[in-house]
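**Q** how would this look folded up:
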Amino acid sequence: MVVVSLNITDYDVRRILVDSGSSIDILFYDAFSKISIPDGRLGPISSPLVGFTGDAVPVEGVITLIMVAGRYPKQSRAQVDFLVVSASSAYN
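**A** Reported below is the predicted structural model:
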């Protein structure tokens, strides 16, 4: 088991799902609201998000957040564009 510290915009994240086959980074609206970022920071997005079954998922917007993985001196920092979606996660 590998334990890595992950921080997104000064919010310590305890659990994440890493899907290396995904072409986008998704942040569920429930998690977005717990980070306490104002909705006004969401940028508009004009294309829908469509899953493999053809179902469209409501997209609230796009936001760029800073992620920090690890602890000093062994840490990595990156800016990540997330699509914020209004859907329930299959993972709890």
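**Q** mean confidence (pLDDT) on stretch 33-46, please.
**A** Taken as a whole, stretch 33-46 carries a mean pLDDT of 83.
**Q** what sits up against it?
**A** By C-beta atoms under 8 Å, 6 or more residues apart in numbering, the list of residues contacting stretch 33-46 from outside reads Ile8, Thr9, Tyr11, Val59, Glu60, Gly61, Val62, Ile63, Leu65, Leu83, Val84. Every residue, glycine included, has its C-beta placed from N, CA and C.
**Q** 10 Å instead, please
**A** Applying C-beta atoms under 10 Å, 6 or more residues apart in numbering, the contact partners of stretch 33-46 are 8-11, 13, 27-29, 32, 59-65, 81-84.
**Q** same question for stretch 18-25.
**A** Contacts of stretch 18-25 (C-beta under 10 Å, 6+ apart): Ile26, Leu49, Val62, Leu65, Met67, Val80, Asp81, Phe82, Leu83, Val85.
**Q** can you show me the CA trace of it as PDB?
**A** The C-alpha coordinates for stretch 18-25 follow below in PDB (Å, rounded to 0.1, in the frame of the first residue of the first chain):
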ATOM      1  CA  VAL A  18      -7.000   7.300 -10.300                       C
ATOM      2  CA  ASP A  19      -8.100   6.200 -13.800                       C
ATOM      3  CA  SER A  20      -5.100   6.300 -16.000                       C
ATOM      4  CA  GLY A  21      -7.300   5.400 -19.000                       C
ATOM      5  CA  SER A  22      -9.400   8.500 -18.700                       C
ATOM      6  CA  SER A  23      -8.800  11.500 -21.000                       C
ATOM      7  CA  ILE A  24     -10.300  14.100 -18.600                       C
ATOM      8  CA  ASP A  25     -10.100  15.000 -15.000                       C
END
